[in-house]
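Visitor: 3D, please:
(one chain, ligands or ions: 2)
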Amino acid sequence: MSKKRVLSGIQPTHDSFHLGNYLGALKQWVQLQEDNDAFYCVVDLHALTIETDPKVLQKRILLSAAQLIAIGVDPSKCTLFIQSHVPAHNQLAWVLECITGFGEAGRMTQFKDKSQKGGADRTNVGLFTYPILQAADILLYQADFVPVGEDQRQHIELTRDLGQRFNSKYKEIFNIPQAQIIKSLAKINDLQEPTAKMSKSAASMSGVIELLDAPEITLKKFKSSVTDDGKEVKFDEKGKPGISNLLTIHSALSGKSIEAIENEFAGKGYGDFKSAVAEVVIAELEPIRDRTKQLMDDPAELVSLLSTGAKKANEVASNTLKEVYAALGLI
Ligand code: AMP
Ligand code: TRP
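Guide: Residues are numbered from 1 along each chain as shown. Ligands and ions are numbered 1, 2, ... in the order given. Below is the predicted model of the structure:
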(Lines give C-alpha, C1' and ligand atoms only; values in the text may rest on other atoms or scores of the structure.)
(Ligands and ions follow the chains in the order given, each with its own letter.)
Protein backbone atom coordinates (compact mmCIF):
# COMPACT_ATOMS: atom_id res chain seq x y z
CA MET A 1 0.00 0.00 0.00
CA SER A 2 1.36 3.38 -0.86
CA LYS A 3 2.05 5.81 1.93
CA LYS A 4 -0.53 8.39 2.88
CA ARG A 5 0.31 12.01 2.28
CA VAL A 6 0.23 14.11 5.44
CA LEU A 7 0.55 17.89 5.55
CA SER A 8 0.63 20.37 8.37
CA GLY A 9 1.87 23.86 9.10
CA ILE A 10 2.68 26.08 12.04
CA GLN A 11 3.06 29.84 12.27
CA PRO A 12 6.36 31.41 13.33
CA THR A 13 4.64 34.06 15.40
CA HIS A 14 6.72 33.65 18.57
CA ASP A 15 10.26 32.85 19.62
CA SER A 16 9.15 29.64 21.27
CA PHE A 17 6.37 27.14 20.68
CA HIS A 18 4.31 26.31 23.75
CA LEU A 19 3.13 23.13 25.37
CA GLY A 20 -0.29 23.41 23.72
CA ASN A 21 1.29 23.43 20.25
CA TYR A 22 3.57 20.60 21.26
CA LEU A 23 0.92 18.29 22.70
CA GLY A 24 -1.89 19.44 20.42
CA ALA A 25 0.01 19.14 17.18
CA LEU A 26 3.78 18.81 17.00
CA LYS A 27 4.23 15.49 18.77
CA GLN A 28 1.90 13.98 16.21
CA TRP A 29 4.03 15.39 13.42
CA VAL A 30 6.99 13.38 14.66
CA GLN A 31 5.01 10.14 14.85
CA LEU A 32 3.37 10.61 11.50
CA GLN A 33 6.59 11.04 9.54
CA GLU A 34 7.43 7.40 10.28
CA ASP A 35 4.74 5.70 8.22
CA ASN A 36 3.55 8.49 5.96
CA ASP A 37 4.80 10.80 3.27
CA ALA A 38 4.79 13.90 5.43
CA PHE A 39 5.10 17.55 4.36
CA TYR A 40 5.55 20.07 7.16
CA CYS A 41 5.83 23.79 6.68
CA VAL A 42 6.57 26.87 8.71
CA VAL A 43 3.81 29.15 7.45
CA ASP A 44 5.65 32.45 7.42
CA LEU A 45 3.15 34.07 5.02
CA HIS A 46 0.31 33.42 7.48
CA ALA A 47 2.42 35.14 10.13
CA LEU A 48 2.36 38.35 8.06
CA THR A 49 -1.24 38.87 9.17
CA ILE A 50 0.33 40.12 12.40
CA GLU A 51 2.66 43.05 11.87
CA THR A 52 6.13 42.08 13.10
CA ASP A 53 9.54 43.70 13.00
CA PRO A 54 11.38 42.05 10.05
CA LYS A 55 14.44 41.13 12.12
CA VAL A 56 12.24 39.53 14.74
CA LEU A 57 10.25 37.63 12.12
CA GLN A 58 13.43 36.34 10.50
CA LYS A 59 14.68 35.01 13.81
CA ARG A 60 11.34 33.39 14.55
CA ILE A 61 11.24 31.58 11.22
CA LEU A 62 14.66 30.08 11.94
CA LEU A 63 13.77 29.33 15.55
CA SER A 64 10.57 27.61 14.48
CA ALA A 65 12.38 25.38 12.02
CA ALA A 66 15.09 24.64 14.59
CA GLN A 67 12.52 23.71 17.24
CA LEU A 68 10.71 21.38 14.85
CA ILE A 69 13.94 19.55 14.13
CA ALA A 70 14.79 19.51 17.85
CA ILE A 71 11.41 17.96 18.63
CA GLY A 72 12.19 15.18 16.18
CA VAL A 73 10.83 16.33 12.83
CA ASP A 74 13.54 14.78 10.69
CA PRO A 75 14.32 16.32 7.28
CA SER A 76 15.58 12.97 6.09
CA LYS A 77 12.20 11.36 6.83
CA CYS A 78 9.82 14.13 5.77
CA THR A 79 9.73 17.28 3.68
CA LEU A 80 10.29 20.24 5.98
CA PHE A 81 10.08 23.64 4.29
CA ILE A 82 9.23 27.30 4.61
CA GLN A 83 5.92 28.29 3.01
CA SER A 84 7.26 31.41 1.25
CA HIS A 85 9.89 29.29 -0.51
CA VAL A 86 7.09 27.77 -2.58
CA PRO A 87 5.34 30.48 -4.64
CA ALA A 88 2.49 28.14 -5.66
CA HIS A 89 0.88 28.66 -2.22
CA ASN A 90 -0.04 32.25 -3.05
CA GLN A 91 -0.91 31.40 -6.62
CA LEU A 92 -3.38 28.68 -5.67
CA ALA A 93 -4.75 30.80 -2.83
CA TRP A 94 -5.91 33.40 -5.34
CA VAL A 95 -7.68 30.78 -7.43
CA LEU A 96 -9.44 29.46 -4.33
CA GLU A 97 -10.40 32.98 -3.20
CA CYS A 98 -12.28 33.32 -6.45
CA ILE A 99 -14.49 30.32 -5.60
CA THR A 100 -15.00 31.23 -1.92
CA GLY A 101 -18.15 33.04 -0.87
CA PHE A 102 -17.68 36.25 1.11
CA GLY A 103 -20.13 35.03 3.72
CA GLU A 104 -18.48 31.64 3.84
CA ALA A 105 -15.13 33.21 4.73
CA GLY A 106 -16.85 35.51 7.21
CA ARG A 107 -18.22 32.54 9.15
CA MET A 108 -14.76 31.31 10.18
CA THR A 109 -14.76 31.50 13.96
CA GLN A 110 -11.03 32.14 14.20
CA PHE A 111 -11.44 35.19 11.97
CA LYS A 112 -14.39 36.41 14.03
CA ASP A 113 -12.40 36.01 17.26
CA LYS A 114 -9.24 37.61 15.96
CA SER A 115 -11.00 40.51 14.27
CA GLN A 116 -13.12 41.17 17.35
CA LYS A 117 -10.09 41.15 19.61
CA GLY A 118 -7.98 43.30 17.26
CA GLY A 119 -10.72 45.80 16.42
CA ALA A 120 -11.45 47.29 12.99
CA ASP A 121 -8.11 49.14 12.78
CA ARG A 122 -5.99 46.03 13.18
CA THR A 123 -8.13 43.69 11.08
CA ASN A 124 -6.46 43.35 7.69
CA VAL A 125 -7.77 41.54 4.64
CA GLY A 126 -5.04 38.91 5.08
CA LEU A 127 -6.68 37.81 8.30
CA PHE A 128 -9.92 37.35 6.39
CA THR A 129 -8.37 35.28 3.60
CA TYR A 130 -6.04 33.40 5.97
CA PRO A 131 -8.05 30.13 5.88
CA ILE A 132 -8.04 30.18 2.07
CA LEU A 133 -4.25 30.35 2.00
CA GLN A 134 -4.32 27.47 4.46
CA ALA A 135 -6.57 25.53 2.08
CA ALA A 136 -4.03 26.15 -0.68
CA ASP A 137 -1.21 24.87 1.59
CA ILE A 138 -3.10 21.61 1.95
CA LEU A 139 -4.66 21.05 -1.49
CA LEU A 140 -1.43 21.73 -3.40
CA TYR A 141 0.12 18.61 -1.89
CA GLN A 142 -2.90 16.34 -2.41
CA ALA A 143 -2.84 15.65 1.33
CA ASP A 144 -4.84 12.74 2.75
CA PHE A 145 -4.55 13.84 6.38
CA VAL A 146 -3.98 17.11 8.17
CA PRO A 147 -2.89 16.69 11.79
CA VAL A 148 -4.02 19.76 13.73
CA GLY A 149 -5.53 20.88 16.99
CA GLU A 150 -9.28 20.95 17.50
CA ASP A 151 -9.40 24.71 16.80
CA GLN A 152 -8.41 24.08 13.20
CA ARG A 153 -11.28 21.75 12.38
CA GLN A 154 -13.34 24.46 10.71
CA HIS A 155 -10.46 25.49 8.46
CA ILE A 156 -10.03 21.91 7.31
CA GLU A 157 -13.78 21.73 6.61
CA LEU A 158 -13.43 24.84 4.45
CA THR A 159 -10.46 23.25 2.68
CA ARG A 160 -12.57 20.19 1.89
CA ASP A 161 -15.45 22.33 0.63
CA LEU A 162 -13.18 24.35 -1.64
CA GLY A 163 -11.44 21.25 -2.96
CA GLN A 164 -14.76 19.58 -3.74
CA ARG A 165 -16.14 22.74 -5.31
CA PHE A 166 -13.15 23.10 -7.61
CA ASN A 167 -13.28 19.43 -8.54
CA SER A 168 -16.93 19.56 -9.51
CA LYS A 169 -16.78 22.95 -11.25
CA TYR A 170 -13.60 22.37 -13.25
CA LYS A 171 -11.78 19.07 -13.01
CA GLU A 172 -11.11 16.33 -10.46
CA ILE A 173 -7.68 17.55 -9.44
CA PHE A 174 -7.66 17.74 -5.68
CA ASN A 175 -7.56 14.95 -3.20
CA ILE A 176 -10.02 15.78 -0.40
CA PRO A 177 -8.14 15.72 2.92
CA GLN A 178 -9.31 14.79 6.39
CA ALA A 179 -8.52 16.51 9.64
CA GLN A 180 -6.70 14.26 12.08
CA ILE A 181 -7.28 15.39 15.63
CA ILE A 182 -5.99 13.59 18.72
CA LYS A 183 -8.92 13.82 21.09
CA SER A 184 -7.18 13.16 24.38
CA LEU A 185 -4.49 15.74 23.77
CA ALA A 186 -6.70 18.14 21.91
CA LYS A 187 -6.72 20.95 24.41
CA ILE A 188 -4.16 22.21 26.90
CA ASN A 189 -5.29 25.15 28.98
CA ASP A 190 -3.52 28.14 30.47
CA LEU A 191 -2.01 27.46 33.90
CA GLN A 192 -3.27 30.76 35.27
CA GLU A 193 -6.64 30.67 33.57
CA PRO A 194 -7.42 26.96 33.29
CA THR A 195 -10.74 27.45 31.53
CA ALA A 196 -8.98 29.18 28.61
CA LYS A 197 -6.84 27.47 26.00
CA MET A 198 -3.08 27.86 26.41
CA SER A 199 -2.22 30.51 23.87
CA LYS A 200 0.45 33.09 23.19
CA SER A 201 -2.19 35.75 23.09
CA ALA A 202 -2.80 35.31 26.85
CA ALA A 203 -2.67 38.48 28.94
CA SER A 204 0.33 37.11 30.83
CA MET A 205 2.93 34.50 29.92
CA SER A 206 2.96 33.09 33.44
CA GLY A 207 0.36 30.48 32.50
CA VAL A 208 1.99 29.55 29.19
CA ILE A 209 4.69 26.84 29.16
CA GLU A 210 7.20 27.64 26.43
CA LEU A 211 9.40 24.92 24.97
CA LEU A 212 12.46 27.14 25.25
CA ASP A 213 11.86 28.31 28.83
CA ALA A 214 14.73 27.63 31.25
CA PRO A 215 13.89 24.77 33.67
CA GLU A 216 13.69 27.20 36.63
CA ILE A 217 11.04 29.18 34.81
CA THR A 218 9.04 26.05 33.97
CA LEU A 219 9.15 24.95 37.58
CA LYS A 220 8.04 28.39 38.76
CA LYS A 221 5.13 28.47 36.33
CA PHE A 222 3.85 25.11 37.54
CA LYS A 223 4.36 25.95 41.21
CA SER A 224 2.31 29.10 40.84
CA SER A 225 -0.35 27.52 38.63
CA VAL A 226 -3.95 28.20 39.65
CA THR A 227 -5.59 25.26 41.34
CA ASP A 228 -9.03 24.76 42.71
CA ASP A 229 -10.92 24.46 45.95
CA GLY A 230 -10.44 21.22 47.85
CA LYS A 231 -7.22 19.29 48.01
CA GLU A 232 -7.85 16.11 46.07
CA VAL A 233 -6.02 15.37 42.83
CA LYS A 234 -9.08 14.33 40.81
CA PHE A 235 -10.04 14.84 37.19
CA ASP A 236 -13.17 17.00 37.04
CA GLU A 237 -13.10 19.48 34.17
CA LYS A 238 -16.03 21.59 35.43
CA GLY A 239 -15.33 21.55 39.17
CA LYS A 240 -11.53 21.40 39.04
CA PRO A 241 -10.32 22.89 35.76
CA GLY A 242 -6.82 23.66 37.10
CA ILE A 243 -6.06 20.20 38.45
CA SER A 244 -7.69 18.56 35.45
CA ASN A 245 -5.44 20.52 33.11
CA LEU A 246 -2.35 19.47 35.07
CA LEU A 247 -3.52 15.86 34.97
CA THR A 248 -3.97 16.10 31.21
CA ILE A 249 -0.44 17.47 30.82
CA HIS A 250 1.13 14.84 33.07
CA SER A 251 -0.72 12.01 31.38
CA ALA A 252 0.13 13.23 27.89
CA LEU A 253 3.85 13.31 28.66
CA SER A 254 4.29 10.45 31.09
CA GLY A 255 1.99 8.10 29.19
CA LYS A 256 0.30 7.14 32.46
CA SER A 257 -3.48 7.06 32.61
CA ILE A 258 -5.28 9.86 34.46
CA GLU A 259 -6.54 7.28 36.92
CA ALA A 260 -3.04 5.96 37.66
CA ILE A 261 -1.84 9.50 38.35
CA GLU A 262 -4.85 10.20 40.60
CA ASN A 263 -4.00 7.06 42.58
CA GLU A 264 -0.33 8.00 42.78
CA PHE A 265 -1.26 11.33 44.40
CA ALA A 266 -4.10 10.10 46.59
CA GLY A 267 -3.65 11.63 50.02
CA LYS A 268 -0.92 14.00 48.84
CA GLY A 269 -1.41 17.74 48.43
CA TYR A 270 -1.52 19.97 45.39
CA GLY A 271 2.06 21.10 46.05
CA ASP A 272 3.62 17.67 45.54
CA PHE A 273 1.51 17.10 42.49
CA LYS A 274 2.51 20.41 40.88
CA SER A 275 6.21 19.66 41.40
CA ALA A 276 5.76 16.22 39.87
CA VAL A 277 4.06 17.64 36.79
CA ALA A 278 6.86 20.20 36.43
CA GLU A 279 9.44 17.44 36.64
CA VAL A 280 7.78 15.43 33.86
CA VAL A 281 7.58 18.52 31.67
CA ILE A 282 11.18 19.61 32.28
CA ALA A 283 12.51 16.14 31.49
CA GLU A 284 10.73 16.34 28.15
CA LEU A 285 11.70 19.91 27.26
CA GLU A 286 15.34 20.11 28.29
CA PRO A 287 16.75 18.10 25.38
CA ILE A 288 14.56 20.06 22.97
CA ARG A 289 15.93 23.32 24.27
CA ASP A 290 19.54 22.13 24.01
CA ARG A 291 19.16 20.86 20.46
CA THR A 292 17.44 24.08 19.34
CA LYS A 293 20.38 26.10 20.67
CA GLN A 294 22.84 23.91 18.77
CA LEU A 295 20.93 24.33 15.53
CA MET A 296 20.69 28.10 15.95
CA ASP A 297 24.47 28.22 16.32
CA ASP A 298 24.81 27.09 12.70
CA PRO A 299 22.15 28.95 10.70
CA ALA A 300 23.84 28.16 7.36
CA GLU A 301 23.34 24.45 7.92
CA LEU A 302 19.74 25.05 8.95
CA VAL A 303 19.02 27.10 5.83
CA SER A 304 20.56 24.42 3.67
CA LEU A 305 18.31 21.74 5.21
CA LEU A 306 15.32 23.96 4.50
CA SER A 307 16.27 24.59 0.89
CA THR A 308 16.38 20.85 0.27
CA GLY A 309 12.83 20.66 1.62
CA ALA A 310 11.74 23.60 -0.53
CA LYS A 311 13.01 21.89 -3.66
CA LYS A 312 10.93 18.79 -3.00
CA ALA A 313 7.87 20.84 -2.05
CA ASN A 314 8.16 22.99 -5.18
CA GLU A 315 8.15 19.97 -7.42
CA VAL A 316 4.87 18.67 -6.03
CA ALA A 317 3.21 22.06 -5.70
CA SER A 318 4.10 23.38 -9.14
CA ASN A 319 2.68 20.25 -10.76
CA THR A 320 -0.67 20.69 -9.02
CA LEU A 321 -0.76 24.38 -9.87
CA LYS A 322 -0.05 23.69 -13.54
CA GLU A 323 -3.03 21.34 -13.72
CA VAL A 324 -5.23 23.88 -11.93
CA TYR A 325 -4.31 26.72 -14.28
CA ALA A 326 -4.99 24.51 -17.29
CA ALA A 327 -8.35 23.39 -15.90
CA LEU A 328 -9.36 27.02 -15.42
CA GLY A 329 -8.62 27.83 -19.05
CA LEU A 330 -5.58 29.98 -18.36
CA ILE A 331 -3.20 29.85 -21.31
P1 AMP B 1 -1.24 28.40 17.11
O2 AMP B 1 0.20 28.76 17.12
O3 AMP B 1 -2.00 28.83 18.33
O4 AMP B 1 -1.93 28.80 15.85
O5 AMP B 1 -1.32 26.81 17.17
C6 AMP B 1 -0.53 25.93 16.36
C7 AMP B 1 -1.05 24.51 16.49
O8 AMP B 1 -1.06 24.08 17.84
C9 AMP B 1 -2.49 24.36 16.00
O10 AMP B 1 -2.67 23.14 15.31
C11 AMP B 1 -3.30 24.41 17.25
O12 AMP B 1 -4.49 23.77 17.12
C13 AMP B 1 -2.39 23.75 18.28
N14 AMP B 1 -2.62 24.36 19.59
C15 AMP B 1 -2.42 25.64 19.94
N16 AMP B 1 -2.76 25.85 21.23
C17 AMP B 1 -3.19 24.68 21.70
C18 AMP B 1 -3.67 24.24 22.97
N19 AMP B 1 -3.75 25.05 24.01
N20 AMP B 1 -4.02 22.95 23.11
C21 AMP B 1 -3.91 22.10 22.08
N22 AMP B 1 -3.46 22.45 20.86
C23 AMP B 1 -3.11 23.71 20.67
N1 TRP C 1 -3.83 27.91 10.72
C2 TRP C 1 -2.98 26.91 11.30
C3 TRP C 1 -2.87 27.18 12.80
O4 TRP C 1 -3.11 28.26 13.25
C5 TRP C 1 -1.60 26.92 10.69
C6 TRP C 1 -1.61 26.42 9.29
C7 TRP C 1 -1.40 27.13 8.16
C8 TRP C 1 -1.84 25.08 8.88
N9 TRP C 1 -1.45 26.35 7.08
C10 TRP C 1 -1.73 25.08 7.48
C11 TRP C 1 -2.13 23.92 9.57
C12 TRP C 1 -1.92 23.92 6.75
C13 TRP C 1 -2.33 22.75 8.84
C14 TRP C 1 -2.22 22.76 7.44
O15 TRP C 1 -2.50 26.28 13.52
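
Visitor: which ones are touching the residue in the stretch 101-250 of the chain positioned nearest to ligand 1?
Guide: In the stretch 101-250 of the chain, the residue that lies nearest ligand 1 is residue 149 (1.9 Å; C-beta to the nearest ligand atom). For the C-beta atoms, the positions are set from N, CA and C on the backbone; glycine is no exception. Each residue near residue 149 by C-beta atoms under 8 Å, 6 or more residues apart in numbering is listed here: 20, 21, 24, 25, 181, 186, 187.

Visitor: Which of the residues you listed are buried? Put it as a ChimeraX command.
Guide: The ChimeraX command for the buried members of the contacts of residue 149 (criterion: 16 or more other C-beta atoms under 10 Å) is given here:
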select :20,21,24,25,181,186,187
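
Visitor: Let me know the closest of the contacts of residue 149 to ligand 2.
Guide: Ranked by distance to ligand 2 (C-beta to the nearest ligand atom), these are led by residue 25 at 7.0 Å.

Visitor: Spatially nearest residue to the closest residue to ligand 2 within the chain (excluding sequence neighbours)?
Guide: Minimum separation of the chain from ligand 2 (C-beta to the nearest ligand atom) falls at residue 9, amounting to 3.2 Å. Using C-beta to C-beta, 6 or more residues apart in numbering and skipping residues adjacent in sequence, the residue nearest residue 9 is residue 43, 4.1 Å away.

Visitor: what sits against the one you found?
Guide: 9, 10, 11, 12, 83, 134, 137.

Visitor: try residue 276
Guide: Contact analysis of residue 276 by C-beta under 8 Å, 6+ apart lists 250, 265.

Visitor: State the distance from it to residue 256.
Guide: Separation of residue 276 from residue 256 (C-beta to C-beta, to the nearest Å): 11 Å.

Visitor: And residue 328, by the same measure?
Guide: Relative to residue 256, and taking C-beta to C-beta, residue 328 is found at 53 Å.

Visitor: And residue 278, by the same measure?
Guide: 16 Å.

Visitor: what do you get for residue 309?
Guide: Counting by C-beta to C-beta, the gap from residue 309 to residue 256 is 36 Å.

Visitor: Looking at the two now, which is surrounded by more residues?
Guide: residue 309 (22 against 16; other C-beta atoms under 10 Å).

Visitor: Do you know the pLDDT at the more buried one?
Guide: Here the pLDDT value assigned to residue 309 is 98.

Visitor: now it, nearest residue through space, not along the chain?
Guide: Leaving aside its sequence neighbours, residue 309 sits nearest to residue 81 (C-beta to C-beta, 6+ apart; 3.6 Å).

Visitor: List the residues that contact that neighbour.
Guide: Shown here is residue 81, whose contacts under the criterion C-beta under 8 Å, 6+ apart are 39, 40, 41, 42, 306, 309, 310, 312, 313.
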